[in-house]
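Chemist: Can you look at this prediction? I've put the sequence above it.
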Protein chains: 2
Amino acid sequence: MRHSLKHVAERAGVSVKTVSNVVNGYPHIRPETRARVEAAIAALDYRPNLSARNLRQGRTGIIALAVPELDNPYFAELTRHIVTAAATHGWTVLVDHTDGDPAREREVAAGIRDHLVDGLIFSPLALTGAELDGTTPTVLLGERVDVVDGLGPADHVAVDNVAAAREATAHLAGAGRRRIAALGVQHTAEGVSARLRLAGYQAALAAAGLPADPQLLAPAERWHRADGAAGIRALLDAGVAFDAVFAFNDTLALGALRALHDAGLRVPADVAVAGFDGIDDGRFSIPTLTTVEPDIERLARLAVDLLAERITGSSQRPPQECLVPHRLTVRESA
Amino acid sequence: MRHSLKHVAERAGVSVKTVSNVVNGYPHIRPETRARVEAAIAALDYRPNLSARNLRQGRTGIIALAVPELDNPYFAELTRHIVTAAATHGWTVLVDHTDGDPAREREVAAGIRDHLVDGLIFSPLALTGAELDGTTPTVLLGERVDVVDGLGPADHVAVDNVAAAREATAHLAGAGRRRIAALGVQHTAEGVSARLRLAGYQAALAAAGLPADPQLLAPAERWHRADGAAGIRALLDAGVAFDAVFAFNDTLALGALRALHDAGLRVPADVAVAGFDGIDDGRFSIPTLTTVEPDIERLARLAVDLLAERITGSSQRPPQECLVPHRLTVRESA
DNA sequence: CTGAAAGCGCTTACAG
DNA sequence: CTGAAAGCGCTTACAG
């Protein structure tokens, strides 16, 4: 059976207030009182009822993390870092995946968890800032949703997608590649990342004096390995000539490596490949993957710290937009 | 501002009980009353306070999932399936990773979340059943913790590790391999999976009439790509001859592919490789990975359904042990 | 330093 | 079909 404060108080011969003080580490308690209470707590195996505490305090100690795909290595690594960072604030993390489904995202944004979470870290695909609930402290991950002044009450942590994509593409061009394909192009409203990375790619081509051939744009509705492989196969089937691929994420790039291998093309001799994310897989793939990787640990820590400021109300600053650093990691594939 | 039942009741001119009835879908309510209440709910943007509901009902609608590593592809995929299955019961999932750290695991097992979760799905590395809290409905994932009769109150869902490992190894032997290395061997108390998979490996060798050469056992403290690569390198450096590798999981196998490649060995021509798990990576690696894969979706559904029975108390059956099916998927590597 | 009491927002017998 | 009231287990002014 579960015991309450009252039981402990009775057993220790004190009031519930005193027990509460002990439980919450209130300092000014007579040592012998504390000892008696602690003995009673141990004897009864008392543990506080968090629902009651939350009801009273209006806080739950839980933050929610909503990502499009839990089993995407990038988000899996991100999740781990968020969980770790949250632990330093004493929070546990409730993880949700939205599948990038607008309806699921809206549920999350509408605060479907209601008073259950103290805050939300949200990596939306489809959502615009306007749809955010506004009452729950929120930090947005990924690119800024492009509603002018639509940021609402949410802070924002992102990678500089344009710059990172430009660097990756420039690396390919700098290695003498002239026909660089872009893999992962999306034309849907959701594809904010895709649009920004495409812009970076195009900027790099322009800077290198390379023409922008629309034939080199390989669309991919999702960014899984299978989509990367399919995108490259489509390019090859269409007879498009290319000597490099900039994939908009690493799983696409891994799929590309496979499709190129199947076609008998050598990487990087025939085709150089660069990705985006820096997931662990790319360190061991054959060939290993050149990639531009955001400092994901920093991103996680930043997101959690910003959320902490909002939740504790320790800062009334206006919504903030932060960019985390990235760096190009050159390996075998390019 | 957040509104309560009372506010809604006042606005609709009814008692809180009636509002509660409407919110909870109680059927016998006069249509016009219901309409008035619903209008008030909409007008005030009322949403129930879950902490209060939980306090009253003793349930939270949250289940916890504790896995050793969130960014291990196997657990990431598992987590996704658990989240999906939980959603069909109206539960959200609080995800924790323990890092296989006994202290963290004990925290989880001790019900550190206290009254916060209705149940727990737990994939322990180090823990024995004896350490389970016993008050929170729990389903254990992975192999049965080997305390005799120590299952306690927990149900159990697992893969038949011995059989699956035996099949993978038998496949290698059946292809004519005579010197099959085992990659991922662990001698620690935590390595229950490792011990069972080793047993399956040994059984297959015996059945094939192959000698069990201890030189062929490659230990790996963790089961990441890096460990797999290191294990193979150690074997090669030691001058051990082998023509096949059975890796105790797919990430080990992927690391092995890389190390073999670095050593100039062809897979499968020189060395055949088989893994365990069936993660997505293995469909696209070069070469693609032969593996024995448990039906992870079924495993997730089963775990959640068993937990549901415990939580609702709809069944008082004794703790149950379930094995989910697996199958060997032959691809290029073996 | 400690106690008695109110109240957080729900649900649930108990009446009617 | 609906209402008034108690109580889930905490924390927090308010006293002393």
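Modeler: It's in.
Chemist: what ranges do the helices span in the stretch 201-334 of chain A?
Modeler: A:225-237, A:250-262, A:296-312 (DSSP state H, counting those that start in this stretch).
Chemist: how about those helices in CSV, adding mean neighbour count, mean pLDDT and distance to DNA strand D?
Modeler: Using the backbone N, CA and C atoms, a C-beta is placed for each residue, glycine as well. Output for the helices of the stretch 201-334 of chain A, formatted as CSV (neighbours: other C-beta atoms under 10 Å in any protein chain shown; pLDDT from 0 to 100; distance: least, C-beta to the nearest atom of the strand, whole Å):
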stretch, mean neighbour count, mean pLDDT, distance to DNA strand D
helix A:225-237, 21, 97, 48
helix A:250-262, 26, 97, 45
helix A:296-312, 21, 92, 13
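Chemist: Dump the ones you listed into CSV; add distance to chain B as well.
Modeler: Shown next, in CSV, are the helices of the stretch 201-334 of chain A (distance: least, C-beta to the nearest C-beta, whole Å):
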stretch, distance to chain B
helix A:225-237, 4
helix A:250-262, 4
helix A:296-312, 10
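Chemist: Figure out which of these is closest to B:G184.
Modeler: helix A:250-262 (22.8 Å; C-beta to C-beta).
Chemist: any idea of the angle that closest one forms with helix A:225-237?
Modeler: 50 degrees (axes from the mean of the first three to the mean of the last three C-alpha atoms, to 10 degrees).
Chemist: which helices and strands sit right next to helix A:250-262?
Modeler: Helix A:250-262 sits against helix A:73-87, strand A:180-185, helix A:225-237, strand A:244-247, strand A:272-276, with contacts defined as 3 or more C-beta pairs under 8 Å, 6 or more residues apart in numbering or on different chains; DSSP states H and E.
Chemist: what about the ones you listed, which gets the closest to DNA strand C?
Modeler: Counting by C-beta to the nearest atom of the strand, DNA strand C lies closest to helix A:73-87 out of these; the figure is 25.0 Å.
Chemist: do the closest one and chain B meet?
Modeler: Yes: Helix A:73-87 is in contact with chain B by C-beta under 8 Å from any C-beta of the partner chain, via A:73, A:76-77, A:79-80, A:83.
Chemist: Of the residues you listed, which pair is most distant in space?
Modeler: For the residues of helix A:73-87 next to chain B, the farthest-apart pair by C-beta to C-beta is A:P73 and A:V83; their separation is 15.6 Å.
Chemist: more crowded one of the two?
Modeler: Neighbour comparison, A:P73 and A:V83: the larger count goes to A:P73, with 24 against 21 (by other C-beta atoms under 10 Å in any protein chain shown).
Chemist: check contacts around the more buried one.
Modeler: A:250-251, A:277, A:279-281, B:71, B:73, B:76 (C-beta atoms under 8 Å, 6 or more residues apart in numbering or on different chains).
Chemist: What parts of the stretch 1-150 of chain A come near chain B?
Modeler: Proximity of the stretch 1-150 of chain A to chain B, by C-beta under 8 Å from any C-beta, involves residues A:2, A:47-52, A:54-55, A:60, A:62, A:69-71, A:73, A:76-77, A:79-80, A:83, A:92-97, A:111, A:113-116, A:135.
Chemist: Among the residues you listed, which are located in strands?
Modeler: Among those, the members found in strands (DSSP state E) are A:62, A:92-97.
Chemist: quick one: which of those residues is nearest to A:I121?
Modeler: Using C-beta to C-beta, these come closest to A:I121 at A:V93, 8.3 Å.
Chemist: Tell me what that closest one is bridged to.
Modeler: On the basis of DSSP bridges, A:V93 is bridged to A:I63.
Chemist: and it, how far is that from B:P294?
Modeler: Using C-beta to C-beta, to the nearest Å, A:V93 is found at 26 Å from B:P294.
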